[in-house]
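[1] show me the folded form of this:
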Amino acid sequence: MIFFQDDAIGQVTLSPEGPFVTGSYMTLKLTFTTGVDGLAEGARLRVGVPNTGWEPVVVPQLRYWDELVRGKERKYAPFHSVNTTAEVVTQGDAVLHLETMERMLIPDEDPAEAYWRWWITATVEGGPLAGGDPIVLTYGDPRFVRRGVRVQTFPEDELTISVYVDPGDGNWVRPGGAPVELDVVSGAPARANVVVPSVITGPVPPVRIALTDACHCRPNDDPPRSLVLRDERWRRVGDVRFSGLQPVKVELKNSGAVFEGVTLTDPEGKQIWGTSNPCIHSDEGNLQLFWGDLHAQSEYHVMHSQEKDARQVGWSKGISCGTPDDVYQYARDVALLDFVAITDQGAITGVGWELLQQKAIEHYRPGEFVTFKSYEAGSPVGHRNVYFRDDAIEPPQDAGTFSYMPDFLYEHYRGRKDVMLIPHHVKTWTDWSLHDPDLEPLMEIYSCWGQSENPSMDRWDKGMTPGAGAWEALRRGYRLGMIASSDNHVGMPGRSYQHDRQAHTPFPGGLAAVWAPELTREALFDALKSRRCYGTTGARIILDFTLNDQPMGSILKVERAEVSREVYAYVQGTDAIDRVEVVQNGKIVEIGTPHHRDRQDVYRLQWRDTTALETNTYYYIRVIQTDGEMGWSSPIWVDRV
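    Down below sits the predicted model:
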């Protein structure tokens with residue numbers, strides 16, 4: 001506990017008490033009743049909502065400078081938006097002045113109390129408050145917002161609203177009833193994930209279906225229900241019966257319907273619950289396409305901080321939610337992923353490392369579901385995730401001697417062919433003077449942080465570290481492939497949904513796609529190290545890219561600068577394709593668009609580059625759909641011998 005408890009200073013209550021449903025709109029009233037001694041003029045009440053995944057607090061906008069007009073003389077601008085107000089009931093002259101901020105409380109403390117929140121500060125002005133005077137904060141005041149404020153979009157138990165009081169002497173204390181505990185629960189079934197393998201090499205397998213609530217969470221309850229699978233002509237090709245929360249598998253009456261796409265509806269065909277991803281047929285022995293999330297977190301995740309970079313003994317919470325079992329079950333049974341990695345910050349020096357490794361072993365099912373041992377190594381010069389090829393137990397490291405700085409990690413894992421590091425959100429903090437080509441074959445191009453591809457503000461809403469970003473790494477000649485993942489800090493890998501725990505990560509999570517011969521940990525790890533992979537903004541877009549018949553991630557050697565380069569890309573989207581772009585050395589050199597007479601979700605790009613070869617030449621494919629979903633292939637490099 002950071003501040004002392006002082007029940008005598010007052011009591012706090014919340015109405016309603018909850019639980020609250022993910023993504024719902026509510027009006028919350030928090031009432032603080034002063035103790036027998038009241039509060040002096042200048043005293044402050046400070047309230048923090050559970051996290052910045054809740055709707056931002058907007059207090060009334062003042063007309064004049066705070067320092068020049070105070071107390072009852074303050075005037076407010078009625079033309080500014082407001083969702084949070086405060087009132088005081090008193091016989092005296094006291095009024096309240098409201099301010100708001102987004103802050104962490106203090107470094108290196110239990111995230112349950114100290115992590116990012118929206119804070120509301122009510123300062124007593126114009127006189128003191130007497131004992132028993134109530135202050136009422138209304139978050140989602142219905143006088144100013146129609147529906148209230150939006151609750152976080154993910155379920156979580158034992159959340160808290162922080163409440164502190166400064167009686168006027170600058171010493172903060174907790175009043176009675178603080179912190180206020182509440183739960184957020186998922187909603188009723190409202191949609192479904194409908195998944196088939198992207199590449200089918202034999203008989204068509206069953207369609208896998210998992211129900212979610214409106215925010216893509218595992219539903220809170222699931223009464224038995226019947227739904228229907230329909231083909232593109234809306235003919236009934238499968239009956240779906242749910243009797244619980246587990247995913248179901250459905251054999252289609254016409255198995256060929258999966259290649260045109262199937263849609264899950266209610267029995268009358270009026271409500272659409274979900275649509276299957278695209279798939280193609282391929283010969284036996286060819287590579288398959290697997291989907292996963294290499295950047296998930298469990299309740300053991302904390303933030304890279306000043307001194308404590310791993311969850312500490314005695315901390316009640318991390319900055320994600322869900323046990324490792326919960327995380328794996330969501331990935332496998334709700335998102336219907338093929339592979340996943342839990343990358344908790346500092347786990348190798350934290351309290352949960354042995355458990356995390358054991359759970360990765362327990363949930364691994366070769367041919368069905370692949371798990372990776374992994375952890376995050378955040379540092380002031382960039383964040384990287386560390387992955388292991390096998391399930392041999394890695395001993396925990398001592399926090400006093402182990403470092404998450406890149407140069408330490410490079411030396412620590414030097415020569416280890418079974419270890420891979422992947423830098424992520426590389427537009428922030430990343431110092432590209434630090435790189436090990438033997439250990440770092442990939443970078444994360446997209447996540448809920450946004451795109452790290454280039455310096456533009458497209459799918460990016462924050463500052464950028466000078467000299468960072470994917471293009472800078474490629475400009476330096478680094479041979480880094482590209483993936484995407486979620487990094488959503490809600491314990492739900494593969495969930496592509498806007499606005500999770502943090503205000504600075506507002507984008508839907510991404511997915512990693514890997515071309516590999518089989519679904520095993522070793523095959524996926526080797527394919528990733530060979531850069532046979534790509535990333536999307538969350539859609540299961542099929543993307544194949546070759547240059548002179550060599551696959552994505554390759555390095556071609558040519559003897560003459562005049563040798564032509566034949567670029568080929570095949571794209572099958574989850575929606576109509578707006579354009580397919582060839583990027584060479586940071587410039588778009590070719591754009592392909594489907595003809596109106598063709599299928600709008602399928603495109604084959606063929607282009608020949610006959611220009612003289614530049615130094616450090618690379619090419620990659622960028623896909624943009626009409627619904628805004630995107631994909632980025634790993635590059636192919638061409639070196640002149």
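
[2] so residue 507 makes contact with residue 450?
    Yes: counting by CB atoms under 8 Å, residue 507 does reach residue 450; the two are 5.0 Å apart. C-beta here means a position set from N, CA and C on the backbone, and glycine is covered the same way.

[3] what sits in contact with each of the two?
    Shared contacts of residue 507 and residue 450 (CB atoms under 8 Å, 6 or more residues apart in numbering): residue 459.

[4] can you name the residues that contact residue 364?
    Applying CB under 8 Å, 6+ apart, the residues near residue 364 are 370, 371, 391, 521.

[5] per-residue confidence for residue 221?
    Each residue has a pLDDT score; the one for residue 221 is 80.

[6] could you measure from the nearest residue to residue 614 once chain neighbours are set aside over to residue 548?
    The shortest distance from residue 614 to any non-neighbouring residue, by CB to CB, 6 or more residues apart in numbering, is to residue 585 (6.2 Å). According to CB to CB, to the nearest Å, residue 585 stands 17 Å off from residue 548.

[7] likewise for residue 260?
    Taken as CB to CB, the span from residue 260 to residue 548 is 33 Å.

[8] looking at this, residue 330 is in a helix?
    Yes: the assignment for residue 330 (DSSP: H, G, I helix; E, B strand; the rest coil) places it in a helix.

[9] and it, what pLDDT?
    At residue 330, pLDDT is 98.

[10] the closest residue to it other than its chain neighbours: neighbour count?
    In this structure, residue 330 finds its nearest non-sequential neighbour in residue 492, 4.9 Å apart by CB to CB, 6+ apart. Using other CB atoms under 10 Å, the number of residues around residue 492 comes to 31.

[11] what residues are up against residue 202?
    Counted by CB under 8 Å, 6+ apart, residue 202 has contacts residue 284.

[12] could you pull up phi and psi at it?
    phi -140, psi -140 (degrees, to the nearest 10).

[13] buried residues, stretch 243-256. List them.
    245, 247, 248, 250, 252, 255 (16 or more other CB atoms under 10 Å).

[14] now do the same for the closest residue in space to the third one that isn't next to it in sequence: its pLDDT.
    Sequence neighbours aside, residue 209 is the residue nearest to residue 248 in space, at 5.3 Å (criterion: CB to CB, 6+ apart). Residue-level confidence at residue 209 comes out at 97, pLDDT.

[15] name the SS class of residue 209, please.
    strand.

[16] surely it and residue 194 touch.
    Yes: the criterion here is CB under 8 Å, and residue 209 meets it with residue 194 at 5.4 Å.

[17] find residues that contact each of the two.
    Joint contacts of residue 209 and residue 194 (CB under 8 Å, 6+ apart) are 264, 274.

[18] if we can go back for a sec, now do the contacts for the residue nearest to residue 330.
    154, 216, 217, 296, 322, 327, 330, 331, 334, 335, 486.

[19] of those residues, which is the most crowded?
    residue 296 (34 neighbours).

[20] that residue - nearest residue in space that isn't next to it in sequence?
    Residue 296 sits nearest to residue 493 (CB to CB, 6+ apart), 3.6 Å away.

[21] count of neighbours near that neighbour?
    32.

[22] which non-adjacent residue is nearest residue 416?
    residue 439 is the one closest to residue 416 (CB to CB, 6+ apart), at 7.7 Å.

[23] how near is that neighbour to residue 468?
    19 Å.

[24] domain ranges for this structure?
    7-185, 191-281, 541-641 (automatic domain parsing).

[25] first-to-last residue distance for the longest one?
    Okay, so that is domain 7-185. 30 Å (CA to CA, to the nearest Å).

[26] hang on, the earlier thing: so what's the residue nearest to residue 296 up against?
    292-293, 295-296, 327, 330-331, 335, 337, 340, 342, 485-486.

[27] those in strands, which ones?
    292, 293, 295, 296, 340, 342 (DSSP state E).

[28] burial count for the closest residue to the third one other than its chain neighbours?
    With CB to CB, 6+ apart as the measure, residue 485 is the residue that lies nearest to residue 295, at 3.5 Å, once sequence neighbours are left out. Using other CB under 10 Å as the criterion, residue 485 is surrounded by 29 other residues.

[29] residue nearest the centroid of this structure?
    The chain has residue 488 as the residue nearest its centroid, 2.2 Å off, counting by CA atoms, centre = their mean.

[30] which residue sits closest to that residue, ignoring its sequence neighbours?
    Of all residues not flanking residue 488 in the chain, residue 500 sits nearest, at 4.4 Å (CB to CB, 6+ apart).

[31] heading C-terminal from the helix or strand of the chain at the bottom of the mean pLDDT ranking, find the next helix or strand.
    The weakest-scoring helix or strand in the chain, judged by mean pLDDT, DSSP states H and E, is helix 111-114 (a mean of 89). Sequence order places strand 117-125 as the next helix or strand after helix 111-114, per DSSP states H and E.
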